[in-house]
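> Coordinates for the following, if possible.
(one chain, ligands or ions: 1)
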Amino acid sequence: MSDIRKTEKVQLHVPDLEELRAVLKKGLDDNFAEVQVSVVECPDLTEKPFYFPVKGLCGSPRVTDVGGVPYLVPVVQKHKEYDMNAIAKELELPGAFMLGAGAVSSRVVGMNAELIPLVRTEAEGRPAVNSSYLASINPVDGQCLQEKYSQKFSDCNFGMLGNLYACEGRPGKVIEVRAKKRTGQDSIVTALRKTLEAEYPDKSLAMGGSFIMQKGKAKIHIMPREFSVCPLDTDEDVNNWLKHFEVNAPLICQSVLVSKDPGLDLRVEHTHFFSHHGEGGHYYIDTTPDSVEYLGYFMPAEFIYRIDRPKETHSVGRD
Ligand code: ZN
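Numbering: from 1, shown residues only. Coordinates of the predicted model:
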């Protein structure tokens, strides 16, 4: 396991949900033709199409950026491995529910793959519930292979990097976002992030949550099973190594976004998705702006924790 002792913690700005609702509505209107943003009771996330191991996104919301792309490129550092149960304790929230985007532990899984983390971590007297998915390249046809993590593995580990939203998993009030027909250039996640950055230029805010891309197609990637034998020094090198696909709605996407990096060398947004038709991976943006429809649930985080920040860093491969 990697050394996670040198965790940095920063308090974030948390507007009240009604203020946030109005800010996000105004910002998303610049990027989508039809936008509704509301403060609602979180839907029961144990139900279709989420099937999460907890009911809601509420209770001590926080985000973390663990490791980073510098542990993947230019040269992989395979020993960088983390246990979500330990991460939850590091976030001062043992037993937390966590969602987001990461990579599998190649030691455990025996290859490289995208991880779509959905974990209720262990607490006293209660074992962890791992509802995560992994998405890899199928060696048979070179296409996407999505699998339930718990069907093959019993741990809660991940490798190299992870962007996670953590909370107690309780019901409660959340921000609901409905958006149709993309008129701007930004993905829904980037639009949310840039809206917060523009409204609060001197503050750092973060949000995490889940959104459904209900209609349309999306541009995605999946990392190859094998790490690159040559160093990946540029964004172009990384993009040539990654496998790119176009996939179909409905997609259930988990996002973590930070409006402004408070000097922690963060990846400011990261979204991974799963589906009930066998497609999963890293989400960039819809490719069908005229017909796309989104429904999402988000919560602002109170703290960000930077865990095992790479000493040697760079900005390659953070899209
Ligand atoms: Zn990713």
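> Pull the distance from stretch 234-254 to the chain's centre.
Per Cα atoms, centre = their mean, to the nearest Å, the displacement of stretch 234-254 from the mean C-alpha position of its chain is 14 Å.
> Now the element after the helix or strand where Val23 lies, going C-ward?
Using DSSP states H and E, Val23 sits in helix 17-28. Proceeding N to C from helix 17-28, the next assigned helix or strand is strand 32-41, under DSSP H and E.
> now the strands for the stretch 201-319 of the chain?
In the stretch 201-319 of the chain, the strands defined using DSSP state E, counting those that start in this stretch lie at 206-215, 217-222, 243-248, 251-258, 269-274, 281-286, 293-300, 303-307.
> Give the other helices and strands that the helix holding Val23 contacts.
Judged by 3 or more Cβ pairs under 8 Å, 6 or more residues apart in numbering; DSSP states H and E, helix 17-28 is in contact with strand 32-41, strand 173-182, helix 188-199. Bear in mind the C-beta positions are built from the backbone N, C-alpha and C, glycine included.
> hang on, the earlier thing: could you export the strands of the stretch 201-319 of the chain as a markdown table, including mean neighbour count, mean pLDDT and distance to the ion?
Output for these, formatted as a markdown table (neighbours: other Cβ atoms under 10 Å; pLDDT from 0 to 100; distance: least, Cβ to the ion, whole Å):
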| stretch | mean neighbour count | mean pLDDT | distance to the ion |
| --- | --- | --- | --- |
| strand 206-215 | 24 | 98 | 15 |
| strand 217-222 | 21 | 98 | 7 |
| strand 243-248 | 16 | 98 | 12 |
| strand 251-258 | 26 | 98 | 11 |
| strand 269-274 | 26 | 98 | 6 |
| strand 281-286 | 22 | 98 | 3 |
| strand 293-300 | 22 | 98 | 18 |
| strand 303-307 | 22 | 98 | 17 |
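> Now render those as TSV, adding distance to Met111.
TSV is the format used below for those (distance: least, Cβ to Cβ, whole Å):
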stretch	distance to Met111
strand 206-215	27
strand 217-222	11
strand 243-248	13
strand 251-258	22
strand 269-274	17
strand 281-286	15
strand 293-300	31
strand 303-307	24
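> The helix or strand hosting Lys9 packs against which elements?
In the assignment (DSSP H and E), Lys9 maps to strand 8-11. Under the contact criterion of 3+ Cβ pairs under 8 Å, 6+ apart, strand 8-11 touches strand 303-307.
> Give me the contacts around the strand it packs on.
Strand 303-307 is contacted from outside by 4, 7-12, 62-67, 82, 87, 90-91, 204, 206, 258, 262, 264-266, using Cβ atoms under 8 Å, 6 or more residues apart in numbering.
> Parallel or antiparallel, list what pairs with that strand.
Strand 303-307 has its sheet partners listed here by DSSP bridges as strand 8-11 (antiparallel), strand 62-67 (parallel).
> Go through those strands and name the closest to the ion.
Nearest to the ion among these is strand 62-67; the distance by Cβ to the ion comes to 12.4 Å.
> the helices in the stretch 51-200 of the chain, which residues?
With helices called from DSSP state H, counting those that start in this stretch, the stretch 51-200 of the chain shows them at 84-90, 106-109, 188-199.
> The ion: which of the ones you listed is closest?
helix 188-199 (11.8 Å).
> quick revisit: now which of the contacts of strand 303-307 would you call buried?
Neighbour counting over the contacts of strand 303-307 (16 or more other Cβ atoms under 10 Å) leaves 4, 7, 10, 12, 62-67, 82, 87, 90-91, 204, 206, 258, 262, 265-266 as the buried ones.
> ok so, going back, quick one: the helices and strands packed on helix 17-28 as JSON lines, columns for distance to the ion, mean neighbour count and mean pLDDT too.
Converted to JSON lines, the helices and strands packed on helix 17-28 look like this (distance: least, Cβ to the ion, whole Å; neighbours: other Cβ atoms under 10 Å; pLDDT from 0 to 100):
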{"stretch": "strand 32-41", "distance to the ion": "23", "mean neighbour count": "15", "mean pLDDT": "98"}
{"stretch": "strand 173-182", "distance to the ion": "21", "mean neighbour count": "21", "mean pLDDT": "98"}
{"stretch": "helix 188-199", "distance to the ion": "12", "mean neighbour count": "22", "mean pLDDT": "98"}
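> Of the ones you listed, which is nearest Val54?
Proximity to Val54 (Cβ to Cβ) singles out strand 173-182 among the helices and strands packed on helix 17-28, at 12.9 Å.
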